[in-house]
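S.K.: pasting the sequence and the predicted model now:
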Amino acid sequence: MKTNVDGIVLGIAAIIDYRIGDPWGWWHPVQGIGWTISRLSKLTLTTGQKKWQRRWGGIFLGLGIIIGSGISGWIVVHLAKSIDPRLGIGVQSILLASCFAARSLRLAAQDVMTPLITGNISQARSKLSQYVGRDTDDLSEEEILRAVLETVSENAIDGVTSPLFYAIVGALFSTIGAVPLALGYKAASTLDSMIGYQKDPFTDLGWFSAKFEDVLTWFPCRLTVLTLALVSRKPQSVLSICRRDAPHDPSPNSGWSECVYAAILGVQLGGSNTYQGQIKYKPFLGDSLHRITPEKIDQALQLTRICFLLWLVLGIVILVGFNNLTLS
């Protein structure tokens, strides 16, 4: 019965994320993780002045946050289930839904696209600056569209498919469950986004978190690429473009995630971006067969939704089958 319950939890969590997402003003587990990372990273930077101290501090910080997040999730779920099994299902579903970001990603894209479509490019630039690290003040319409598509394609992995992957893996183990592994991955992703920079003061503090997140994301990223290539009905062409372009990206994962969307949509991503006044170049991904349009971004979001649903259904089938196998 255990894994059947986990299948129910996965389904409810997916519905919550699709219909509700992260309501504005509500407390979110990632906020708690982010608050803890901020406080502990400041403490580590203050107390550790030498390179080796910050490096080891980064290791302990990263592992502590990731493992602590997973254990905290396990404790909360265990307490809820001990009170009432139905409460346990509800708490698990809400916590797991907080690890998915499909609706948030869609709303973020729409937040930028709405003023852009109506011709208010200055507001579109302002909105975009809330979601990306690049300078947006002078971006053209085409550059805004590229930035949105790059954000949608990159965050599809760490915000949607990877948390689902780890939730399914965790659900296969009765002593762990779906929530702890998903929360642990979310903590790793948050660590990477907050301190995983190759610049001071995070060069030494955040190196472990950045590398560890790369390792955790590597397999679900490739699995997502393969799934999307199959969904596109032109897997040989898509995978050929990915093998050609993705390895040139400095990131072991974002290059593949962006490239598979570019290959399927027939557009080109990458090029020059400006960060705090400094121009940085990223390799081109995909072939420029079509212009990036709002319709292309909608198609990218639809691809992410299809991949998520396929994994969700397959995950529930695996959980039910695994349960029947262990009972027989």
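M.R.: Nice, I can see it.
S.K.: Lys186 reaches Ala97, doesn't it?
M.R.: No: between Lys186 and Ala97 there is no contact under C-beta atoms under 8 Å: 11.6 Å. (C-beta placed from N, C-alpha, C; glycine too.)
S.K.: pLDDT weak spots in the stretch 51-200 of the chain?
M.R.: Along the stretch 51-200 of the chain, segments meeting pLDDT under 70 span 198.
S.K.: so what does the stretch of helix or strand Glu154 belongs to touch, helix or strand wise?
M.R.: Secondary structure here is read from DSSP states H and E; on that basis Glu154 sits in helix 141-156. Counting contacts by 3 or more C-beta pairs under 8 Å, 6 or more residues apart in numbering; DSSP states H and E, helix 141-156 packs against helix 102-117, helix 121-128, helix 254-265, strand 269-275, helix 294-327.
S.K.: local confidence estimate at Gly25?
M.R.: pLDDT, Gly25: 69.
S.K.: repeat that for the one 3 residues further on.
M.R.: What the model reports as pLDDT for His28 is 83.
S.K.: what about it, how many neighbours?
M.R.: Counted with other C-beta atoms under 10 Å, the neighbours of His28 add up to 13.
S.K.: if we can go back for a sec, so the following helix or strand past the helix holding Glu154 versus helix 102-117, what angle?
M.R.: Toward the C-terminal end, the helix or strand that comes next after helix 141-156 (DSSP H and E) is helix 162-171. With axes from the mean of the first three to the mean of the last three C-alpha atoms, to 10 degrees defining the directions, helix 162-171 sits at 170 degrees from helix 102-117.
S.K.: ok, and for stretch 124-141, which residues are buried?
M.R.: Neighbour-count burial for stretch 124-141 flags Ala124, Arg125, Lys127, Leu128, Ser129, Tyr131, Val132, Arg134, Asp135, Thr136, Leu139 (criterion: 16 or more other C-beta atoms under 10 Å).
S.K.: tell me the one of the residues you listed nearest Leu325?
M.R.: Comparing the buried residues of stretch 124-141 against Leu325 with C-beta to C-beta places Tyr131 closest, at 43.5 Å.
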